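Asker: This is a predicted model, with the sequence first.
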Amino acid sequence: MSNAALGLSLLALAALAALPFLDTGFWLALAINVAQYAVLATAWAMFSGPTRYVSLATAAFFGIGAYTVAVLGEALPWPLVLLVAGVIGAVMSLLVGFATLRLSGVYFVVFTFGLAELVRQLVTWFEVNVTRSMGRYVFVEISQAQILWQLLALFGALLALGTWLARSRLGFALRVIGEDETVARHVGIDTARAKVALFALSSVFMALVGAVMAPRWTYLDPAIAFNPSISFTVLIMALLGGTRSLLGPLLGVVPLAMLFEVLTARFPNHFSILVGVVFLLVVYALPQGVSGLLARLRRGAVA
Amino acid sequence: MSAALGTDPSPLLRVEGLRRAFGGLVAVDGLSFSIRPGEILGLLGPNGSGKTTALNLISGVLAPDAGRVVLEGREVAGLPAHRLSRLGIARTFQLVRVLPGLSLEENVVAGLAFGRDPAWGTEARARAAALLERVGLGGRAAQPASVLTYGDQKRLELARALALSPRLLLLDEWLAGLNPTELRGGIDLIASLRDEGCTVLMVEHVMDAIRALADRCVVMNAGRSIAEGPPAEVLAERAVIQAYLGEDDA
């Protein structure tokens, strides 16, 4: 993204920050939902787009961030809680990254899906055997408006990071890895380190979103925090939008977040089936995502 | 030939007793040879004799089960490929590998950005342009690599390998599959690399190219070296002819 595009995007985010002064009901709730998935899907695409490693671990990092708030929310000042959530997300992603990024293709997908489940089971085991109570109450003084502002700030930071990355050697290394990992190794790229570095950056943002979102629930248990549908929703949004450009995922987030809002309200019992149908449609009809389609149309118009 | 090696105290690369087995198949079995700075060494042998495995052991795709690989006096056997690339071992692949989604310039910058003498930004673009010019792809920097013909993909792959400022260039059948015009151009290109002092280890089946380019050859069969010396002598040896053609026709 050019500096001008980045500047405009940041201005737009700043303008959106005024929303809570206009409405504190439905529209604020919708904006929080969209902003949450915007950060998650963009962070997901930052790693999975160039490397083409499809990760289903989003729920693991989101959940660990949310749980950090549930455990430490009352014990520490808020900025410190966020810091701890980010650090835990980073440490977990480094451990997981070094253990798994040697896997590729479907093995990586399956492992990351299993990871979210593993973390959920570990937290459950801990709560049952150590704290002896499932579920926690989240009591922190954070308003809905503050949640939106934090999400917008995270999204701004993510766009700045992504813009820097696209020009950096690290970002270029990731693109070479996505093209041909064997070649990447033979031009001197430490592929394991590059992948883990980006996986960690992406995971920190996911953990922070989980932490920021936690105060929206007053009650939290492992099934809520580590809900696997978060991973799938993020994946389908990023794929619909397209992972080739920084703002690509956003093109999938906005329509799908609104669609899911309608589906949960109208068809709460058939939600999973309908999401599955949407998933199939996206993959078959728009393999390059909306941004890929737009790029093709633009090329067609020029030619 | 061993006398010739004996007089040279510091080969660029020395391979000693290299061995690698895949299950029960010993692909490389006690291979030893040296390359002097600035020479072109041809690595020959019938299909399945272990040439590509030998290249993979030298370039870090595989770790040897036993033996040594010494680059300028430094033991490098078993180092991962990215470390060896940074130490100056660059290679091309038997099945050509360009980065199809990137432009020609980006393909070469991939070789420049992380190598022994790294460059990024304006400097990298300038050096990439020069390297593309060098291999005969000048002025096409912005084109995507996916549109290149087979011969041009080979040129691009060579430019990317040269971008690493290699001490040793490994060419795995780089001249295979080229048409006669492309082949002549390719041979001239490798000859010009030698004139600049580049050291090359080439696996090759195109015998005209070996005769024109190689200073010495090592012939492998069943994982071992069966002959070593100047191309004309080596190709006339009975053991070599037998390895290629079998006992009866030799």
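Answerer: Here it is on my side, so go on. Residues are numbered from 1 along each chain as shown, chains lettered A, B, ... in the order given.

Asker: need the residues of the stretch 101-250 of chain A near chain B, please.
Answerer: Proximity of the stretch 101-250 of chain A to chain B, by Cβ under 8 Å from any Cβ of the partner chain, involves residues A:169, A:172-173, A:175-176, A:178-180, A:182-191. For glycine as for every other residue, the C-beta is placed from the backbone atoms N, C-alpha and C.

Asker: Just those: which are in helices?
Answerer: Per DSSP state H, helices hold the following members of these: A:169, A:172-173, A:175-176, A:178-179, A:182-186, A:191.

Asker: Please check these and keep the buried ones.
Answerer: Among these, those classed as buried by 16 or more other Cβ atoms under 10 Å in any protein chain shown are A:169, A:172-173, A:175-176, A:178-179, A:183-186, A:191.

Asker: Make JSON lines out of those residues and add pLDDT.
Answerer: Below are these laid out as JSON lines (pLDDT from 0 to 100):
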{"residue": "A:Arg169", "pLDDT": "93"}
{"residue": "A:Phe172", "pLDDT": "94"}
{"residue": "A:Ala173", "pLDDT": "94"}
{"residue": "A:Arg175", "pLDDT": "91"}
{"residue": "A:Val176", "pLDDT": "94"}
{"residue": "A:Gly178", "pLDDT": "89"}
{"residue": "A:Glu179", "pLDDT": "91"}
{"residue": "A:Val183", "pLDDT": "95"}
{"residue": "A:Ala184", "pLDDT": "95"}
{"residue": "A:Arg185", "pLDDT": "94"}
{"residue": "A:His186", "pLDDT": "94"}
{"residue": "A:Thr191", "pLDDT": "91"}
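
Asker: Tell me which residues touch the residue nearest in space to the middle of chain A, please.
Answerer: Taking Cα atoms, centre = their mean as the criterion, A:Leu40 is the residue nearest the geometric centre of chain A, at 1.9 Å. By Cβ atoms under 8 Å, 6 or more residues apart in numbering or on different chains, the contact set of A:Leu40 is A:58, A:62, A:205-206, A:209, A:230, A:234.

Asker: pLDDT value on it, please?
Answerer: As predicted, A:Leu40 sits at a pLDDT of 97.

Asker: next helix or strand past the strand or helix carrying it?
Answerer: In the assignment (DSSP states H and E), A:Leu40 maps to helix A:26-51. As assigned by DSSP H and E, the chain's next helix or strand after helix A:26-51 is helix A:58-72.

Asker: Return the distance of that following helix from the chain's centre.
Answerer: With Cα atoms, centre = their mean, to the nearest Å as the basis, helix A:58-72 stands 13 Å off its chain's centre.

Asker: and the angle for it with helix A:26-51?
Answerer: 130 degrees (axes from the mean of the first three to the mean of the last three Cα atoms, to 10 degrees).

Asker: okay, now whatever residue of the stretch 201-303 of chain A ends up closest to chain B: neighbour count?
Answerer: Chain B sits closest to A:Arg244 of the stretch 201-303 of chain A, with a gap of 9.6 Å, by Cβ to the nearest Cβ. A count of nearby residues for A:Arg244, using other Cβ atoms under 10 Å in any protein chain shown, gives 15.

Asker: Check whether it sits in a helix, strand or coil.
Answerer: coil (DSSP: H, G, I helix; E, B strand; the rest coil).

Asker: Would you check how far apart it and A:Arg52 are?
Answerer: Distance, A:Arg244 to A:Arg52, by Cβ to Cβ, to the nearest Å: 11 Å.
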